[in-house]
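A.B. asks: The following comprises the amino acid sequence and a computationally predicted model.
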Amino acid sequence: MSEPTWVNEVRQIAKRVRRRVLEHTLRHNGGYMSQACSSAEILSTLYCKVMNLAPLDKPLRPRPFPGVPSRSNRIYRTGAEFNGRPLAHQDRFFLSPAHYALVLYAILIETGRMDPTGLEDFNRDGSSVEMIGAEHSPGMEVTSGSLGQCLSQAAGIALARRINGDQGKVWVFMSDGEFQIGQTWEAIAAVAFHRLDRLAVYVDVNRQQCDGLVANVMQLEPLHQRLESFGWRVVRVDGHDPGALAAPAAQAADGRPLAVLCDTDPCHGLQLLRANAPKLHYLRFKNPDERDAFRRVLEAM
Amino acid sequence: METLSRVHARSLVAWARDKPKAVVLSADLTSSCEADAFRDAFPDRFFSMGVAEQNMLSFAAGLAREGFLPLVHTFAVFIYRRAFDQVAMSVAYANLPVKMFGFLPGITTPGGATHQAVEDVALMRTLPNMTVLETGDATEVESVLDVAASVPGPVYVRMLRGELPRLFPAAEPLRLDQPRVLSRGKDLTILSSGLCTEEALPAVALLKSRGVAVEHLHLSTLKPCNHPAILQALAQPKYGVLTLENHLVTGGLGSIAAEKIAENGLGVKLCRLGLQDTFAHGASKGYLMREYGLDALALVRAAEQAVKTDLNIRAEDLAQMRVETVPSEAKPEDL
């Protein structure tokens, strides 16, 4: 049986995301590379298949940093415009681990939502294309860099949308490390209690965090059972398989919020990275030889 | 003087009746924060969030982003101590209209250090975009909802509950950044806030009866705090400025006065009454205010020191002072 066209498209986009993030990491001697390796298929599936986002007329160019939100800031706007107009029937996307911003920017480029030159503004003074994305950054609309706050904010938005009668869903991308945070579990309980079943969470279970392996920093398994016991509908999938990733999102809502636990490999598509394990959180080249080795991989990609 | 009970409980219901976007979030202290009448009147707009304040504050931010007016109710300590990061990053950073009603400000509770919000003004005042209000009587509790809702951004309110005096006429509501000038005089300036104003009133009356000309301002807006009457009151006294607050003397009303005096080069002596670099403990309000020097007698003694005269005022004299409802000396538009 041949794969549907969209599956192939997701795979191709995921590959191009890894390539773009590696290229960027080489140019700037640093980047959140393992996050691209683990999450490229998840984000690509969300953007290409799962989420109902309004299309854009043309890729947007990131704006300069508009200043922080305040009463006097008349030009302020969030980066949600990259996800299309927020109409009642459209979905909304929230990136919880804001350090995945580089991966999100790459996705936006590969899905035709951001102009490729936008990445040149990455981490540049006065730019909105920040290293740790904030709500003015492309594709983002809440400030989630203090990890654990995004799900609660998205839940408030989901409740508001339910009261307003919106048909659109709320999709939250999270990292597994965030399930060590107390607020995450407060939110997990509240979302289930208030039966916000138009909210769904995709979790990049890459088993990595800043200090190394999640299991050595603070164990969070059995995540599946823990979430289920809080009243969530939980599905565990291969986080690199587009078909498996998209399937749970197609199920009809049943009053329970949906959590898709995506088992991923932080070195997927970039085996050379495995030599750095378990320090995979941020890739910085230790010497020119290592950099050259990654450059040769890039050329072959 | 009139005393009223459960003022917020009634006023919240009446106020919210024609405001369909107003929703109440509560963290298991619904009756304790007088939100129970709202819950019963508008069950569809009441959301129980459990004992989980961090989630509640971020959740409220999400509701506010979609055009709702979340009124967060819990004890003050659980807003700014338990959930300060969420208040700062989910609410204040985005300048969202989340209205936070913090009950049990300062040492108004026998609940002890865990329940006494003694540094909340200091923390909330430092947050960009934040407005900080403090209610001092029944009239202010009644009218604070309008003021909080009128601010296009986050508002933190030090809220009073239970039996409340009506110090200020019902026709003189709390107004944003409008101090109440309760007495005029050029010997001594007294700034008070919250329930400390109830303590300051008899003290001021006695001081005046002993010939001390007192300028007494009640501040119910601690941020912003830019009204020219405040600066004028700080600039004019012959003997100095006294501040009296139900809070640590650092970061709150006393610090506001100190900042204004220094920044404007007023060169006037300042004495800050309030908690002096200490936590408190569980006991009655009257006892704690006496013990920590936040009461009328403490103010009188500080005034005597400022004017360098023994005014022959005894505790018994204060007890005999009858406090009546006090209209402002000046109409707001005159200030």
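C.D. replies: Structure's in. What do you need?
A.B. asks: burial count for residue 111?
C.D. replies: Assuming you mean chain A. Counted with other Cβ atoms under 10 Å in any protein chain shown, the neighbours of A:Thr111 add up to 20. (Glycine included, C-beta is placed from N, CA and C.)
A.B. asks: my bad, chain B
C.D. replies: Neighbour number of B:Gly111 under other Cβ under 10 Å is 14.
A.B. asks: Spit out the contact partners of the closest residue in space to A:Asp241 that isn't next to it in sequence.
C.D. replies: The shortest distance from A:Asp241 to any non-neighbouring residue, by Cβ to Cβ, 6 or more residues apart in numbering or on different chains, is to A:Glu41 (7.2 Å). A:Glu41 makes contacts with A:Val10, A:Arg11, A:Ala14, A:Gly239, A:His240, A:Asp241, A:Pro242, A:Leu245, A:Thr264, A:His268, as judged by Cβ atoms under 8 Å, 6 or more residues apart in numbering or on different chains.
A.B. asks: Pop the domain breakdown of chain B in here.
C.D. replies: When chain B is parsed with automatic domain parsing, its domains come out as B:3-165, B:180-334.
A.B. asks: Please identify the deepest-packed of those domains.
C.D. replies: domain B:3-165 (a mean of 22; mean count of other Cβ atoms under 10 Å in any protein chain shown).
A.B. asks: Can you measure across that one, start residue to end residue?
C.D. replies: 4 Å (Cα to Cα, to the nearest Å).
A.B. asks: and the residue of the stretch 101-250 of chain A found nearest chain B, helix, strand or coil?
C.D. replies: Closest residue of the stretch 101-250 of chain A to chain B, Cβ to the nearest Cβ: A:Gly156 (2.2 Å). Following DSSP: H, G, I helix; E, B strand; the rest coil, the label given to A:Gly156 is helix.
A.B. asks: Now the element after the longest strand anywhere in chain B, going C-ward?
C.D. replies: Ranked by residue count, the top strand of chain B under DSSP state E comes out as strand B:240-248. Reading on from strand B:240-248 to the C-terminus, the next helix or strand found by DSSP states H and E is helix B:253-263.
A.B. asks: Packing partners of that following helix?
C.D. replies: helix B:120-126, strand B:188-192, helix B:228-235, strand B:240-248, strand B:270-275 (3 or more Cβ pairs under 8 Å, 6 or more residues apart in numbering or on different chains; DSSP states H and E).
A.B. asks: What helices and strands are in contact with the longest one?
C.D. replies: Contacts defined by 3+ Cβ pairs under 8 Å, 6+ apart place strand B:240-248 against helix B:120-126, strand B:188-192, helix B:196-209, helix B:253-263, strand B:270-275, helix B:296-307.
A.B. asks: Can you pull the residues of chain B lying near chain A?
C.D. replies: Residues of chain B lying near chain A by Cβ under 8 Å from any Cβ of the partner chain: B:47-50, B:52, B:54-68, B:70, B:85-86, B:89-90, B:93-95, B:128-129, B:152-153.
A.B. asks: Just the ones of these in strands?
C.D. replies: Checked against DSSP E, the residues of chain B next to chain A include these in strands: B:Phe47, B:Ser48, B:Pro70.
A.B. asks: For beta bridges, what are the partners of the last one?
C.D. replies: On the basis of DSSP bridges, B:Pro70 is bridged to B:Val23.
A.B. asks: What of the second one?
C.D. replies: In this structure, B:Ser48 has beta-bridge partners B:Ser26, where bridges are defined by DSSP bridges.
A.B. asks: Name the residues of stretch A:292-301 that are buried.
C.D. replies: A:Phe294, A:Val297, A:Leu298 (16 or more other Cβ atoms under 10 Å in any protein chain shown).
A.B. asks: just stretch A:144-151 next, same as before
C.D. replies: Neighbour-count burial for stretch A:144-151 [16+ other Cβ under 10 Å]: A:Ser144, A:Gly145, A:Ser146, A:Leu147, A:Gly148, A:Gln149, A:Cys150, A:Leu151.
A.B. asks: now stretch A:283-290
C.D. replies: So stretch A:283-290, judged by 16+ other Cβ under 10 Å, has buried residues A:Leu283, A:Phe285.
A.B. asks: Straight-line length of that stretch, end to end?
C.D. replies: End residues of stretch A:283-290 are separated by 11 Å (Cα to Cα).
A.B. asks: Now find how far off-centre that stretch is within its chain.
C.D. replies: 26 Å (Cα atoms, centre = their mean, to the nearest Å).
A.B. asks: Repeat that for stretch B:102-109.
C.D. replies: 10 Å.
A.B. asks: try stretch A:125-138
C.D. replies: 15 Å.
A.B. asks: what do you get for stretch A:279-288?
C.D. replies: That offset, for stretch A:279-288, works out to 21 Å (Cα atoms, centre = their mean).
A.B. asks: which other residues reach that stretch?
C.D. replies: A:25-26, A:29-34, A:208-212, A:266-267, A:273, A:276, A:291, A:294.
A.B. asks: Just the C-alpha atoms of the lengthiest helix in chain A, please, in CSV.
C.D. replies: Under DSSP state H, the helix in chain A containing the largest number of residues is helix A:5-28. Output of helix A:5-28 as CSV, limited to C-alpha atoms (Å, rounded to 0.1, in the frame of the first residue of the first chain):
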residue,chain,number,x,y,z
THR,A,5,0.6,12.2,-0.5
TRP,A,6,0.4,14.2,2.7
VAL,A,7,2.6,11.6,4.6
ASN,A,8,5.3,12.0,2.0
GLU,A,9,5.0,15.8,2.3
VAL,A,10,5.3,15.7,6.1
ARG,A,11,8.4,13.6,5.7
GLN,A,12,10.0,15.9,3.2
ILE,A,13,9.2,19.0,5.3
ALA,A,14,10.6,17.3,8.4
LYS,A,15,13.8,16.6,6.5
ARG,A,16,14.1,20.1,5.3
VAL,A,17,13.5,21.4,8.8
ARG,A,18,16.4,19.3,10.1
ARG,A,19,18.6,20.5,7.3
ARG,A,20,17.7,24.2,7.8
VAL,A,21,18.3,24.0,11.6
LEU,A,22,21.6,22.2,11.1
GLU,A,23,22.7,24.8,8.5
HIS,A,24,21.7,27.5,10.9
THR,A,25,23.6,25.8,13.8
LEU,A,26,26.7,25.6,11.7
ARG,A,27,26.5,29.2,10.6
HIS,A,28,26.0,30.5,14.2
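A.B. asks: show me the residues around the closest residue to chain A within chain B that make contact.
C.D. replies: Here chain B gets closest to chain A at one residue, B:Gly62, 2.2 Å apart by Cβ to the nearest Cβ. Listed by Cβ under 8 Å, 6+ apart, the contact partners of B:Gly62 are A:Val142, A:Ser152, A:Gln153, A:Ala154, A:Ala155, A:Gly156, A:Ile157, A:Ala158, A:Leu159, A:Ala160, B:Ser90.
A.B. asks: can you do 6 Å?
C.D. replies: A:Gln153, A:Gly156, A:Ile157 (Cβ atoms under 6 Å, 6 or more residues apart in numbering or on different chains).
A.B. asks: One more: B:Asn264?
C.D. replies: Per Cβ under 6 Å, 6+ apart, neighbours of B:Asn264: none.
A.B. asks: And it, what's its pLDDT?
C.D. replies: On pLDDT, B:Asn264 comes in at 98.
A.B. asks: Distance-wise, check it relative to A:Gly182.
C.D. replies: With the distance defined as Cβ to Cβ, to the nearest Å, B:Asn264 ends up 45 Å from A:Gly182.
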